[in-house]
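Participant: Compute the structure for the input listed below.
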Amino acid sequence: MARRRSSSLPRRVALLALLFAGFWTWREVSGTGDAADAPAQVTIPRGASVRAAAESLAAHEVVGSARVFRWYVSLTGKGRAIKPGRYRFVARAGYAPVLDALVNGRAIVRTVVVPEGFDLRDITPALARGLEVPEDSVRAAMADTAWQRRLDLPVPSLEGYLFPATYTFPDGTTARDAVEAMVERFLASWKPEWDARLTAMSISRHDAVTMASIVEKEARKPEERPLIAAVYWNRVKKGMRLQADPTVQYALPQHVARVLYKDLEVDSKYNTYRYDGLPPGPIASPGEASLAAAVAPADVPYLYFVARSDGGHEFRTTFEEHTRAIATVRAAARRAAGTGNSKSPPPRSTPKLQ
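Facilitator: Next up, the predicted model:
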């Protein structure tokens, strides 16, 4: 009897091992990932081998073993059908779902980067390239009047309301879906406490976004955003024209790096050298910091500023002080250039006129 039980033990162990291997294989093939887990992004380059794809998937813990995943792919005979692209998977997604996604391209995502300060002329081609859709479809989505009504916009444009950020869209996302996501991101980024600031300042949200867009284009140093906002709001309160170079750049039919005196003659409501008050709407997409500065400007009396060569500004209250600051900054620029008669462009002075 003892000999009979002893001889059956290896068979039992082998059976248990086989059952365990089968269960492990089933779990690996079908997947144990939770959809609530943070997804990993995996890029499969064009021309990548199955080995390279498997190792990348394993490195991101999408599959448990690169070697076993290669064996699985080999068994299915679908290795040559894997499509390149950027995919999004949860950890332990399962060999079968992962391979199915790679073969059919269903998990491909498209990334679109919209930096702070981009305007619609920049965003349109960026979205079109990222989504691989025609630019006309992007323009049509941006012209949707439903969003203009919802946002209560006084101008027929979503300029300033497509929030700057890095977006990850599923493959097949339409231009309309992308624009909706960007506007929703703006609405989510708008802080409730800012509404109280609008009331205190007697301005609309559109006014604040418009000011924030100018601040975004002017500021080079983050700490100066509230100061720049203060200069422009102070000028508005005193009935002075903003004389903001970025609004002139926006009004011109083509982008220019520097505003020349001839550019100040462009006849556009966005030309704040010719027209009083704020322009009709934003001139770019402001980020959260510029929005915050627009609704909470610094408590300073400044009415002028001039740009230094280091990207910062000199702020002054009177035109006489401003004129002296311009001379000082220009002299410093000439000294830095190592010559007394440098022909480099003079520092930008905003506002230029009294």
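Participant: can you map out the strands along this protein?
Facilitator: Assignment of strands within the chain using DSSP state E yields the ranges 40-44, 85-89, 109-113, 166-170, 304-307, 313-316, 349-350.
Participant: which other helices and strands contact the fourth one?
Facilitator: Other helices and strands packing on strand 166-170, by 3 or more CB pairs under 8 Å, 6 or more residues apart in numbering; DSSP states H and E, are strand 109-113, helix 120-131, helix 175-189. For the C-beta atoms, the positions are set from N, CA and C on the backbone; glycine is no exception.
Participant: quick one: strands adjacent to that strand?
Facilitator: Partner strands and pairing direction for strand 166-170 (DSSP bridges) are strand 109-113 (antiparallel).
Participant: Show me how the chain divides into domains.
Facilitator: As recorded under automatic domain parsing, the domains making up the chain are 26-104, 110-189, 192-350.
Participant: returning to that earlier point: most tightly packed of the strands of the chain?
Facilitator: Among these, strand 304-307 has the highest mean neighbour count (mean count of other CB atoms under 10 Å), at a mean of 24.
Participant: Show me what that strand pairs with in its sheet, parallel or antiparallel.
Facilitator: Sheet pairing here is set by DSSP bridges, and for strand 304-307 it gives strand 313-316 (antiparallel), strand 349-350 (antiparallel).
Participant: distance between the first one and the chain's centre?
Facilitator: Shown here is strand 313-316, whose average C-alpha point lies 30 Å from the average C-alpha point of the whole chain (CA atoms, centre = their mean, to the nearest Å).
Participant: average pLDDT for it?
Facilitator: Throughout strand 313-316, pLDDT has a mean value of 96.
Participant: repeat for stretch 44-51
Facilitator: 90.
Participant: Confidence-wise, which of the domains of the chain is weakest overall?
Facilitator: For the domains of the chain, mean pLDDT drops lowest on domain 26-104, to a mean of 83.
Participant: returning to what we had before: in CSV, list the helices and strands packed on strand 166-170 along with distance to Ala81.
Facilitator: Shown next, in CSV, are those (distance: least, CB to CB, whole Å):
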stretch, distance to Ala81
strand 109-113, 20
helix 120-131, 24
helix 175-189, 28
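Participant: Leu120: what's it in contact with?
Facilitator: Listed by CB atoms under 8 Å, 6 or more residues apart in numbering, the contact partners of Leu120 are 142, 157-159, 162.
Participant: out of these, which are inside helices?
Facilitator: In helices, defined here by DSSP state H, the members of these are Met142.
Participant: so which of the contacts of Leu120 is the most crowded?
Facilitator: Most neighbours among the contacts of Leu120, by other CB atoms under 10 Å: Leu162, with 27 neighbours.
Participant: Check whether that one really touches Val114, as I assumed.
Facilitator: Yes - taking CB atoms under 8 Å as the definition, Leu162 is a contact partner of Val114 at 6.8 Å.
Participant: got any residues that touch both of these two?
Facilitator: Taking CB under 8 Å, 6+ apart as the contact rule, Leu162 and Val114 both touch 123, 182, 285.
Participant: Check those against Gly94 and report the nearest one.
Facilitator: Met182 (32.8 Å; CB to CB).
Participant: residues contacting the closest one?
Facilitator: Contact analysis of Met182 by CB under 8 Å, 6+ apart lists 114, 161-163, 165, 167.
Participant: Need the residues you listed in JSON lines (columns: distance to Thr76).
Facilitator: JSON lines is the format used below for the contacts of Met182 (distance: CB to CB, whole Å):
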{"residue": "Val114", "distance to Thr76": "39"}
{"residue": "Tyr161", "distance to Thr76": "47"}
{"residue": "Leu162", "distance to Thr76": "43"}
{"residue": "Phe163", "distance to Thr76": "42"}
{"residue": "Ala165", "distance to Thr76": "38"}
{"residue": "Tyr167", "distance to Thr76": "34"}
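Participant: Closest one of those to Thr199?
Facilitator: Nearest member of the contacts of Met182 to Thr199, counting by CB to CB, is Tyr161, at 20.6 Å.
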